[in-house]
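Engineer: What shape does this take:
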Amino acid sequence: MTLRDQTEVREEFIERIGLISQNDGLPRIAGRVLGMFMFDGGVRSFGEITEELQVSKASISSATRILEERSLIKRVGRPGQRQDFFQLVENPFPEMLETITVGLKKAKAEVDESLVQIDPANEGALARVGHYVRFYDTLIALTEAAAKDLAENR
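Structural biologist: The predicted structure is shown next:
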């Protein structure tokens, strides 16, 4: 098997993470920034990120803020430098799962609210919606267990 040009592989990976992130409700640029850090590692300045991804400063500012809020990247200082520098946190995956868990809990709360409003005489709807609640309970338990496992095995 011949290895593909790594520049091309890197660019495709960054774009794929952008698309995956966009499907998960994040801005595509935030996903691209995350993909760049996952592929490259290391520390990058704000300006380097902007130049590398050829995206506006405003878009990178928004993307890095979102990724910081989700504890996926962190801001790091450089002596004598005035601009911001960022790097991927050591193990971002438990935090990613925590974000997923929060979303699942919000969705489950919505379903729970509907469940209590269903007429008890409507046994079919109660059963189906009840199964939906258990579905969310299961997903929440799985994501919490996976996050715990990933955090313990850093």
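
Engineer: Domain parsing of the chain, as residue ranges.
Structural biologist: For the chain, automatic domain parsing gives the domain ranges 6-88, 93-152.

Engineer: Most tightly packed of those domains?
Structural biologist: domain 6-88 (a mean of 16; mean count of other CB atoms under 10 Å). From N, CA and C alone the C-beta is placed, and that goes for glycine too.

Engineer: Save the domains of the chain as CSV, and put in mean pLDDT too.
Structural biologist: Putting the domains of the chain into CSV (pLDDT from 0 to 100) gives the following:
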stretch, mean pLDDT
domain 6-88, 94
domain 93-152, 95
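
Engineer: Now do the end-to-end distance for stretch 20-33.
Structural biologist: The first and last residues of stretch 20-33 sit 12 Å apart, counting by CA to CA, to the nearest Å.

Engineer: Could you do stretch 113-127 as well?
Structural biologist: Note: stretch 113-127 ends 15 Å apart using CA to CA.

Engineer: Tell me if I am right that Leu26 is in a strand.
Structural biologist: No: applying DSSP: H, G, I helix; E, B strand; the rest coil, one finds Leu26 to be coil, outside a strand.

Engineer: pretty sure it is touching Glu69, no?
Structural biologist: No: with contact defined as CB atoms under 8 Å, Leu26 does not reach Glu69; the gap is 10.9 Å.

Engineer: any idea how far Ala30 is from Ser61?
Structural biologist: 11 Å (CB to CB, to the nearest Å).

Engineer: er, Glu144 I mean
Structural biologist: Counting by CB to CB - Glu144 and Ser61 are separated by 32 Å.

Engineer: which stretches of the protein form strands?
Structural biologist: Under the criterion DSSP state E, the chain contains strands at 43-45, 73-76, 85-88.

Engineer: Ok, which of those comes nearest Leu126?
Structural biologist: Closest approach to Leu126 among these is made by strand 73-76 (44.7 Å; CB to CB).
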